[in-house]
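Undergrad: build me a model:
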Amino acid sequence: MARFSFLEWPVIRQFRTDDSSGRSSAVTSPTTRAIAPRTTTADRSVQSVCPYCAVGCGQKVFVTDERVVQIEGDPDSPISRGRLCPKGSASEQLVNASNRQTKVLYRAPRATEWQEMDLETATEMVVDRFLASRRNGWQDLDEQGRRLARTMGIASLGGATLDNEENYLIKKLFTAAGAIQIENQARI
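TA: Numbering: from 1, shown residues only. Next comes the predicted model:
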């Protein structure tokens, strides 16, 4: 550790340099001067969209060694013009959280423990259950013989963390499957 010098006090540096207001280099420590922003050391930046609400703010995702190191507002975005709300600014934590689930977990009916499952098996289980619910709740005709062609066995509740395109595709999928109970959390 370097020997302490009174000449390095910020107030003394303020009068010794051209920073008389004390708002620039006079009040910056050597440690602070040595720090480089994560955005300048990133390998690349990728454009993305904030995952939280339906506004669709543009994000610049900075990546180093295939790891997200910083997320900032994208100044080229016509929607947010480089600005992010506090949740959007903190979305880097969504990717790098230490307790983030990265494996499919399944808890069988009446089981007390979760078990890991491969994605292919889990996807097949969801598809099988979706189709069975659709088939079991299918209504072809009403009491007067009018064609219904709908299912009461499945429903969809979208969320505000999905963007407009995802919600549009989910609406199309469930409508094509015959579901009529399609709602979004943003409307409730």
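Undergrad: how about the spatially most central residue of the chain, secondary structure?
TA: In the chain, the residue lying closest to the centroid (Cα atoms, centre = their mean) is P51, at 3.7 Å. Using DSSP: H, G, I helix; E, B strand; the rest coil, the structure places P51 in coil.
Undergrad: pLDDT value on it, please?
TA: You'll see P51 listed with a pLDDT of 79.
Undergrad: check I71 too.
TA: pLDDT for I71: 91.
Undergrad: returning to that earlier point: touching, the residue nearest to the centre of the chain and E92? I think so.
TA: No: taking Cβ atoms under 8 Å as the definition, P51 is not a contact partner of E92, at 11.5 Å. Every C-beta, even on glycine, is put in place using the N, C-alpha and C of the backbone.
Undergrad: give me the phi and psi for the residue nearest to the centre of the chain.
TA: Dihedral angles of P51 (phi, psi; degrees, to the nearest 10) stand at phi -90, psi 0.
Undergrad: check P10 too.
TA: Here is the backbone geometry of P10 (degrees, to the nearest 10): phi -60, psi -40.
Undergrad: excluding sequence neighbours, find me the nearest residue to it.
TA: V27 (4.6 Å; Cβ to Cβ, 6 or more residues apart in numbering).
Undergrad: let me know whether that neighbour touches Q14 as I believe.
TA: Yes: using Cβ under 8 Å, V27 is in contact with Q14, at 7.1 Å.
Undergrad: neighbour-wise, which of those two wins?
TA: Neighbour totals were compared for V27 and Q14, and Q14 leads with 18 against 14 (other Cβ atoms under 10 Å).
Undergrad: and the more buried one, helix, strand or coil?
TA: Per three-state DSSP, Q14 ends up helix.
Undergrad: do the same with Q59
TA: Here Q59 is strand, with the state taken from three-state DSSP.
Undergrad: likewise the one 3 residues further on?
TA: Recorded secondary structure, F62: strand (three-state DSSP).
Undergrad: restricting to C-alpha, output the lengthiest strand in the chain in PDB.
TA: For the chain, the longest strand by residue count, based on DSSP state E, is strand 147-158. Only the C-alpha atoms of strand 147-158 are listed here, as PDB (Å, rounded to 0.1, in the frame of the first residue of the first chain):
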ATOM      1  CA  ARG A 147     -71.700 -26.300 -34.800                       C
ATOM      2  CA  LEU A 148     -69.400 -25.100 -32.000                       C
ATOM      3  CA  ALA A 149     -66.000 -26.700 -32.700                       C
ATOM      4  CA  ARG A 150     -64.500 -25.700 -29.400                       C
ATOM      5  CA  THR A 151     -62.900 -27.100 -26.300                       C
ATOM      6  CA  MET A 152     -63.600 -26.200 -22.800                       C
ATOM      7  CA  GLY A 153     -60.700 -28.300 -21.500                       C
ATOM      8  CA  ILE A 154     -57.900 -25.800 -22.100                       C
ATOM      9  CA  ALA A 155     -57.400 -22.100 -21.500                       C
ATOM     10  CA  SER A 156     -54.600 -19.600 -21.800                       C
ATOM     11  CA  LEU A 157     -53.500 -16.800 -19.400                       C
ATOM     12  CA  GLY A 158     -50.800 -14.700 -21.000                       C
END
